[in-house]
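Visitor: sequence first, predicted coordinates after that:
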2 protein chains.
Amino acid sequence: MSDAAFAGVDWGTSALRVWAFDAAGLVLAERRSDEGMASLSPADFAGVLQGHLAALALPTTVPVLMCGMVGSRQGWQEARYVDCPAGIDGLVSGAVRVTSSERDIRILPGLALRDPLTPDVMRGEETKLLGLLQGAPEFSGLICMPGTHTKWVRLEQGRVATFRTTMVGELYALLTTHSILRLNIDADRVRVEPDAHFRDGVADGLTSPGSFTSRLFQLRADGLLNGTGGEVAAARLSGFLIGVGLADGLQLASTAETAVWLLAEGRLTALYAAALSVAGRAPSVVDANVAAQ
Amino acid sequence: MSDAAFAGVDWGTSALRVWAFDAAGLVLAERRSDEGMASLSPADFAGVLQGHLAALALPTTVPVLMCGMVGSRQGWQEARYVDCPAGIDGLVSGAVRVTSSERDIRILPGLALRDPLTPDVMRGEETKLLGLLQGAPEFSGLICMPGTHTKWVRLEQGRVATFRTTMVGELYALLTTHSILRLNIDADRVRVEPDAHFRDGVADGLTSPGSFTSRLFQLRADGLLNGTGGEVAAARLSGFLIGVGLADGLQLASTAETAVWLLAEGRLTALYAAALSVAGRAPSVVDANVAAQ
């Protein structure tokens, strides 16, 4: 692949994605794999990466830029967090070169919020912000990146002013897989849609986040007493959790008029867009796949 | 055991407890087993029970009174919920006789709250209230029964006016066993004490229950950024969850002066007593083992 200027790698706990980019930053080719950090031992890292680069026919002269858990203390080589507030320049200058490889492989650092009351960290998601800021370097607004750990980021004139991680996706998975709610909800079979039950759950989460511990069991009781089915329970639970997370994340908005941008992919886009509308925050949607490039 | 007047059985999902009582309701002997409903098939129920009754030398003429999941739809025989508000008379008259046994075996019903907004159910815990009400038939106040599913019950002149289940214990177990927080907290080794970290967590949960989804990840970030250890993280998490549950359960208090009674056993007693004190509600403690008799 002679046009390739550099390779980009997002290497997380459970997945690996590799892109070949041209000099203008456009994607020439992509590979996805489930060879996440957690499934590998350190001795495997170099070989796994080289295998994917070779499959993309990228010569060893092409530099590689990586992000994600690959740069954590338990990763290939630690790239220490850059403290917020931080701009793109801080992320790029904080990249570390992998010393065990002759190839030019650099790992981008994550972001840290060293607030004593609300400490927080991010690794990987920050590169989606880089993509967004390429097109609008002085952007100000609140970004929502839905996922296992939904990230809320307030950008001020192109810099990360603050951010907050809400554990919404992980809570949904935990509750439907391991809690007593698994008896009501078959998470493998239920696909939550942004329907009326979901929106009811969102509204409830926004207005009554403090009823968290009782709402969960009420979903169970509703099934026992009223025969409410798993699809309805799943929609209400998903909506409730997303609503609670929204109330949490929206605390980062500096004013009621702060624009909210939804940086999402796949089915979470529709759910979060509907949830933000229930919260009276019609979001602008940015495709995360585009932003990541 | 010739003095025995009746046998009491608490048969739940994961455990079985059998007591021999005399005519005055005093315990003559007790057996505990992990033969919970979930580990047995219906064909086993009669034999397992008979084994324990025989081990207590209880003749077949001694009647048996059971409570717990044994009376659920998936149990031995369904004893349908009695609706709140309900008194002791309703519980006793709602008992069903096990038709597949010649012995006099009755199963007490659970309690149901058929509120469309806050539906709830209880099976087993209500017998602890019976014990409490034996000594004070016209009792009024708010009862807190800590556990996997902490139950809050408002009694008015000896009747269950309303109740609320908060999923606090299960959330702690889920988060420390299956979530990313397991990387910070070794739940098998950490034993939470009502120390300053625990009380800080309680205060935070009481004042900021709406930060539920972000507080969880902040515990993880605090470990990564500040090296905060697992014991501190466990104390803060436990305190936070109990605090959030307290704010939830205390909504059942009819006035700020409503007395709070803690019906607990084991180590949860000290944790909930400390948490209630942080909430400005110095509780009266009742030993649950005594109350169950």
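Guide: Looks like it arrived, so ask away.
Visitor: now the lengthiest helix in chain A: mean pLDDT?
Guide: Longest helix in chain A, counting residues (DSSP state H): helix A:230-249. Helix A:230-249 shows an average pLDDT of 97 in the prediction.
Visitor: now stretch A:81-94
Guide: Average pLDDT, stretch A:81-94: 90.
Visitor: would you mark the buried spots in that stretch?
Guide: A:Tyr81, A:Val82, A:Cys84, A:Ala86, A:Gly87, A:Ile88, A:Gly90, A:Leu91, A:Gly94 (16 or more other C-beta atoms under 10 Å in any protein chain shown). Placement of C-beta: from N, CA and C, glycine included.
Visitor: pull the contacting residues for the fourth one.
Guide: Same thing as A:Ala86. A:Leu111, A:Arg159, A:Val160 (C-beta atoms under 8 Å, 6 or more residues apart in numbering or on different chains).
Visitor: now with 10 Å, please.
Guide: A:Gly94, A:Pro109, A:Leu111, A:Ala112, A:Leu113, A:Glu126, A:Arg159, A:Val160, A:Ala161 (C-beta atoms under 10 Å, 6 or more residues apart in numbering or on different chains).
Visitor: just the fifth one next, same as before
Guide: For A:Gly87, the contacting residues are A:Ser93, A:Leu133, A:Pro137, A:Leu155, A:Gln157, A:Gly158, A:Arg159, A:Val160, by C-beta under 10 Å, 6+ apart.
Visitor: quick one: which of the residues you listed is most hemmed in?
Guide: Of the contacts of A:Gly87, A:Val160 is surrounded by the most neighbours, 25 neighbours in total, counting by other C-beta atoms under 10 Å in any protein chain shown.
Visitor: how much space separates that one from chain B?
Guide: Noted for A:Val160: a distance of 15 Å to chain B, by C-beta to the nearest C-beta, to the nearest Å.
Visitor: is that residue bridged to anything, and to what?
Guide: Beta-bridge partners of A:Val160, counted by DSSP bridges, are A:Ala86, A:Leu155.
Visitor: could you pull out the helices in chain A for me?
Guide: Counting by DSSP H, chain A has helices at residues A:45-55, A:88-93, A:126-135, A:168-178, A:196-207, A:212-226, A:230-249, A:268-278, A:288-292.
Visitor: distance to B:Val98 added to those, as JSON lines?
Guide: Below are those laid out as JSON lines (distance: least, C-beta to C-beta, whole Å):
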{"stretch": "helix A:45-55", "distance to B:Val98": "61"}
{"stretch": "helix A:88-93", "distance to B:Val98": "68"}
{"stretch": "helix A:126-135", "distance to B:Val98": "61"}
{"stretch": "helix A:168-178", "distance to B:Val98": "33"}
{"stretch": "helix A:196-207", "distance to B:Val98": "38"}
{"stretch": "helix A:212-226", "distance to B:Val98": "21"}
{"stretch": "helix A:230-249", "distance to B:Val98": "31"}
{"stretch": "helix A:268-278", "distance to B:Val98": "47"}
{"stretch": "helix A:288-292", "distance to B:Val98": "58"}
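Visitor: least reliable of those helices by average pLDDT, please.
Guide: What stands lowest among the helices of chain A, in mean pLDDT terms, is helix A:288-292, with a mean of 55.
Visitor: returning to that earlier point: so which of the helices of chain A is the most surrounded?
Guide: helix A:230-249 (a mean of 26; mean count of other C-beta atoms under 10 Å in any protein chain shown).
Visitor: in contact with A:Ala196, which residues?
Guide: Residues in contact with A:Ala196, defined by C-beta under 10 Å, 6+ apart, are A:Val232, A:Ala235, A:Gly239.
Visitor: can you put the residues you listed in a markdown table and add distance to A:Thr177?
Guide: Output for the contacts of A:Ala196, formatted as a markdown table (distance: C-beta to C-beta, whole Å):
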| residue | distance to A:Thr177 |
| --- | --- |
| A:Val232 | 19 |
| A:Ala235 | 17 |
| A:Gly239 | 18 |
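Visitor: just to revisit the earlier point, could you find the lowest-pLDDT member of the contacts of A:Gly87?
Guide: For pLDDT, the smallest value among the contacts of A:Gly87 belongs to A:Leu133: 85.
Visitor: that residue reaches A:Ile88, doesn't it?
Guide: Yes - with contact defined as C-beta atoms under 10 Å, A:Leu133 counts as touching A:Ile88 (6.0 Å).
Visitor: list the residues that contact both of the two?
Guide: With C-beta under 10 Å, 6+ apart, A:Leu133 and A:Ile88 have common neighbours A:Gly158, A:Arg159, A:Val160.
Visitor: now do the phi/psi pair for the residue nearest to the second one when sequence neighbours are not counted.
Guide: What that stands for is A:Arg159. Of all residues not flanking A:Arg159 in the chain, A:Gly87 sits nearest, at 4.4 Å (C-beta to C-beta, 6 or more residues apart in numbering or on different chains). Note on A:Gly87: backbone dihedrals following degrees, to the nearest 10 are phi -110, psi -180.
Visitor: what's the burial count for A:Val70?
Guide: 28.
Visitor: and the pLDDT at A:Ala24?
Guide: 82.
Visitor: need the contacts of A:Ala196 in a markdown table (columns: distance to chain B).
Guide: As requested, these are exported to a markdown table (distance: C-beta to the nearest C-beta, whole Å):
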| residue | distance to chain B |
| --- | --- |
| A:Val232 | 13 |
| A:Ala235 | 17 |
| A:Gly239 | 14 |
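Visitor: for A:Asp115, which non-adjacent residue is closest in space?
Guide: A:Thr162 (7.7 Å).
Visitor: against A:Gly131, how distant is that neighbour?
Guide: 20 Å (C-beta to C-beta, to the nearest Å).
Visitor: swap in A:Leu206?
Guide: Distance from A:Leu206 to A:Gly131, by C-beta to C-beta: 30 Å.
Visitor: same question, A:Lys151
Guide: 14 Å.
Visitor: doesn't A:Leu26 make contact with A:Gln134?
Guide: No - using C-beta under 10 Å, A:Gln134 is not in contact with A:Leu26; the gap is 11.5 Å.
Visitor: burial of A:Asn184, as a residue count?
Guide: 21.
Visitor: got it, and the one 10 residues further on?
Guide: Using other C-beta under 10 Å as the criterion, A:Pro194 is surrounded by 22 other residues.
Visitor: for A:Glu193, same thing?
Guide: 16.
Visitor: who's in contact with it?
Guide: A:Glu231, A:Ala234, A:Ala235, A:Ser238, A:Arg267, A:Ala270, A:Leu271, A:Ala274.
Visitor: may I have the phi/psi pair for it?
Guide: Main-chain torsions, A:Glu193, degrees, to the nearest 10: phi -110, psi 160.
Visitor: roughly how far apart are it and chain B?
Guide: For A:Glu193, the distance to chain B - C-beta to the nearest C-beta - is 22 Å.
Visitor: and what of A:Ala273?
Guide: Taking C-beta to the nearest C-beta, one finds A:Ala273 at 19 Å from chain B.
Visitor: got the residues of the stretch 1-150 of chain A near chain B?
Guide: Neighbours of chain B within the stretch 1-150 of chain A, by C-beta under 10 Å from any C-beta of the partner chain: A:13, A:72-74, A:81, A:83, A:110, A:112-123, A:148-150.
Visitor: mind doing that once more with 8 Å?
Guide: Residues of the stretch 1-150 of chain A lying near chain B by C-beta under 8 Å from any C-beta of the partner chain: A:Arg73, A:Tyr81, A:Ala112, A:Leu113, A:Arg114, A:Thr118, A:Pro119, A:Asp120, A:Val121, A:His149, A:Thr150.
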